[in-house]
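A.B. asks: Fold the stuff below for me.
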Amino acid sequence: MTPMRTRLLAVLCVVALAVLPSFGTAGLVGVEVPGSSRLVVAGWGGPDIRLWYIRPPGSPSDAPVLFVMHGVGRDADRYLLEWREVALRSGIIVVVPEFSAENFPGAENYNFGGVFDDAGRLRPRAAWSYSSLEPMFDALRREEKLDTARYWLFGHSAGAQFVHRLVMLGGGPRMIAAMSANSGSYMMPSKAERWPFGLDGAPVDDARAGFATPMVVMLGDADNDPEHRSLPRQEAAMRQGPHRFARGRHFYDTARRTATEAAMPFDWSCVVVPGVAHDNAGMARSAIRLVLSGLPPVGRDCAESVRVGVKTD
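C.D. replies: Prediction:
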């Protein structure tokens, strides 16, 4: 190869790399997930998002689809690996979107949905991180030639923050139900707290649309460590309780009471998973049974939900 051709090839490689989607590897743990696929979703109104997913062999074109939102580590590969066996046994297509730290920096652009820009200005709704779900579902349907009309949504830890705030802002039009598992902080249905911990300054006036959106608040009763390394410690978060289990019960109980007092429809339920701490895999085994067997009764007291909770064996 001549020196000129070598230089030309080097330039072409640089140009090619420049136009490829940039995700980086921060957050990924580098595990292999046998039988998994990747799909990049672009042009939805925000940065590119890579989907990590498993479609069980032989699953029909109308197989259930479950989106799983990863935690603060942005480790989509680890999350998919922990859901792999559950997906294969159940025949459910499990999809973990990778909200990379490069494309969605900080809690503001993931947990809190990118609703406001760095200057505090409200972004167009189409640019919210929350608004990526519907285009992701469309991209998956096209890629896998699916007839599935609606999807389920699950999030653990920071992913649960993403999920329940999405619900509080009205949810997704094709979402069957949401499952928010072991969230570290919550958007309370009250104007006594500022966004993202309450309705004050939020882009909705009240919680009516959120309460009417089916959601299960999932709580591991062993997720009760007040010194957990990733427990949110903002003043507003600390007012919600000393640990995740307490905060989740406070959130659900406050929402149920608020809906009752305001005579608003309330389509939420609370499930306590016995013996599970801050563990995505432990909550996954319970969540998948909700998808397969149906949602628990709505509006029950969180303490009563221990008896209707889903076992993890």
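A.B. asks: And the helices in this structure?
C.D. replies: Under the criterion DSSP state H, the chain contains helices at 3-19, 76-90, 106-109, 133-144, 158-168, 208-211, 235-238, 244-261, 280-293.
A.B. asks: So which of the ones you listed is nearest residue 31?
C.D. replies: Ranking these by proximity to residue 31 (C-beta to C-beta) places helix 76-90 first, at 5.2 Å. For glycine as for every other residue, the C-beta is placed from the backbone atoms N, C-alpha and C.
A.B. asks: Of all the residues in that closest one, which ones are buried?
C.D. replies: 76-84, 86-88, 90 (16 or more other C-beta atoms under 10 Å).
A.B. asks: ok, and what's touching that helix?
C.D. replies: Here helix 76-90 makes contact (C-beta atoms under 8 Å, 6 or more residues apart in numbering) with 27-31, 33-36, 50, 52-54, 56, 68, 70-71, 92-94, 96-98, 156, 280-281, 284-285, 288, 291-292.
A.B. asks: Tally up the residues packed near residue 197, please.
C.D. replies: By the other C-beta atoms under 10 Å criterion, the neighbourhood of residue 197 contains 24 residues.
A.B. asks: Send me stretch 202-219 as CSV with only the CA atoms.
C.D. replies: These are the backbone C-alpha positions of stretch 202-219, laid out as CSV (Å, rounded to 0.1, in the frame of the first residue of the first chain):
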residue,chain,number,x,y,z
ALA,A,202,-43.4,20.6,37.8
PRO,A,203,-44.9,20.7,34.3
VAL,A,204,-48.2,19.4,35.6
ASP,A,205,-50.7,21.1,37.9
ASP,A,206,-51.7,18.0,39.9
ALA,A,207,-51.3,14.2,40.1
ARG,A,208,-54.7,13.3,38.5
ALA,A,209,-53.2,11.9,35.3
GLY,A,210,-50.5,10.1,37.3
PHE,A,211,-52.9,8.5,39.7
ALA,A,212,-55.1,7.3,36.8
THR,A,213,-52.0,5.5,35.2
PRO,A,214,-51.6,1.9,36.3
MET,A,215,-48.5,1.6,38.5
VAL,A,216,-47.2,-0.9,41.1
VAL,A,217,-44.9,0.5,43.8
MET,A,218,-42.6,-2.4,44.5
LEU,A,219,-40.6,-2.5,47.7
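A.B. asks: How far away from the center of its chain is it?
C.D. replies: Between the mean C-alpha location of stretch 202-219 and the chain-wide mean there is a distance of 14 Å, by C-alpha atoms, centre = their mean, to the nearest Å.
A.B. asks: Buried ones in that stretch, by neighbour count?
C.D. replies: Of the residues in stretch 202-219, those scored as buried under the neighbour-count criterion (16+ other C-beta under 10 Å) are 202, 207, 209-219.
A.B. asks: Okay, and which of these map to strands?
C.D. replies: Assigned to strands by DSSP state E, the following of these qualify: 215-219.
A.B. asks: which one of those residues sits closest to residue 161?
C.D. replies: Closest to residue 161 out of those is residue 217 (12.3 Å), distances taken as C-beta to C-beta.
A.B. asks: so what's that closest one up against?
C.D. replies: Residues in contact with residue 217 (C-beta under 8 Å, 6+ apart) are 164, 180, 248, 251-252, 268-271, 302.
A.B. asks: Tabulate the residues you listed in a markdown table, adding columns for pLDDT, neighbour count and distance to residue 145.
C.D. replies: Converted to a markdown table, these look like this (pLDDT from 0 to 100; neighbours: other C-beta atoms under 10 Å; distance: C-beta to C-beta, whole Å):
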| residue | pLDDT | neighbour count | distance to residue 145 |
| --- | --- | --- | --- |
| 164 | 98 | 27 | 32 |
| 180 | 98 | 29 | 31 |
| 248 | 98 | 29 | 38 |
| 251 | 98 | 25 | 39 |
| 252 | 98 | 25 | 39 |
| 268 | 98 | 26 | 34 |
| 269 | 96 | 24 | 34 |
| 270 | 96 | 28 | 37 |
| 271 | 94 | 26 | 34 |
| 302 | 80 | 20 | 41 |
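A.B. asks: Put the alpha carbons of stretch 93-106 into PDB.
C.D. replies: Coordinates of each C-alpha in stretch 93-106 appear next as PDB, following Å, rounded to 0.1, in the frame of the first residue of the first chain:
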ATOM      1  CA  ILE A  93     -39.100  -9.800  25.200                       C
ATOM      2  CA  VAL A  94     -37.000  -7.900  27.700                       C
ATOM      3  CA  VAL A  95     -35.400  -4.600  26.600                       C
ATOM      4  CA  VAL A  96     -32.900  -2.500  28.600                       C
ATOM      5  CA  PRO A  97     -32.300   1.000  27.100                       C
ATOM      6  CA  GLU A  98     -28.800   2.300  27.800                       C
ATOM      7  CA  PHE A  99     -29.100   5.900  29.000                       C
ATOM      8  CA  SER A 100     -25.300   6.500  28.800                       C
ATOM      9  CA  ALA A 101     -23.700   9.100  31.100                       C
ATOM     10  CA  GLU A 102     -22.200  10.600  28.000                       C
ATOM     11  CA  ASN A 103     -25.600  11.300  26.300                       C
ATOM     12  CA  PHE A 104     -27.700  11.700  29.500                       C
ATOM     13  CA  PRO A 105     -25.400  13.200  32.100                       C
ATOM     14  CA  GLY A 106     -26.400  13.300  35.800                       C
END
